[in-house]
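Participant: just need the structure, nothing else, for what follows:
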Amino acid sequence: MSISDKWELISAELLAAYKLLPTEIKESDFGYREEDFLEYLSVNELRLAMEELDGVIEDNKSPDHLFWEHLIKAATLMNRPEHAKKYEQYKVAT
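Facilitator: From the prediction side, this is the model:
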């Protein structure tokens, strides 16, 4: 798989998770900001985009398990096992 194909798959997982967020979501400097997520995604800063999404739990209740599944898949594609493990724990707790 080429690097651009991998980036495309990761971006798709991140966008799928993003689309699962509720419309009424609290944003903060220490949690999640939609503008930052979209900016990171647009410039292929995929790890930062993923971490911006996971910040949603700082100020909001945890999204459902499907949200975490998408982040687990993205983390796995990025070879970030520490992130995947953390997201698996969030998923189980949801």
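Participant: burial measure for residue 16, as a count.
Facilitator: For residue 16, the neighbour count with other C-beta atoms under 10 Å is 16. (Glycine included, C-beta is placed from N, CA and C.)
Participant: tell me if I'm right that it and residue 71 touch.
Facilitator: No - using C-beta atoms under 8 Å, residue 16 is not in contact with residue 71, being 9.6 Å away.
Participant: which residues touch residue 71?
Facilitator: 13, 14, 17, 50, 53, 54, 83, 87 (C-beta atoms under 8 Å, 6 or more residues apart in numbering).
Participant: now with 10 Å, please.
Facilitator: 13-14, 16-17, 50-51, 53-54, 63, 80, 83-84, 86-88, 90-91 (C-beta atoms under 10 Å, 6 or more residues apart in numbering).
Participant: relative to residue 2, how far out is it?
Facilitator: Noted for residue 71: a distance of 23 Å to residue 2, by C-beta to C-beta, to the nearest Å.
Participant: how far does the helix or strand residue 71 falls within sit from the chain's center?
Facilitator: Here residue 71 sits within helix 65-77, counting by DSSP states H and E. Computed by C-alpha atoms, centre = their mean, to the nearest Å, the separation of helix 65-77 from the middle of its chain amounts to 7 Å.
Participant: elements contacting the next helix-or-strand element following that helix?
Facilitator: Counting by DSSP H and E, the element after helix 65-77 in chain order, helix or strand, is helix 81-93. Applying 3 or more C-beta pairs under 10 Å, 6 or more residues apart in numbering; DSSP states H and E, we find helix 81-93 packed against helix 46-54, helix 65-77.
Participant: re earlier: drop anything exposed from the contacts of residue 71.
Facilitator: 13-14, 16-17, 50-51, 53-54, 63, 80, 83-84, 86-87, 90-91 (16 or more other C-beta atoms under 10 Å).
Participant: which helix runs longest in this structure?
Facilitator: Across the chain, the helix with the greatest residue count (assigned by DSSP state H) is helix 3-19.
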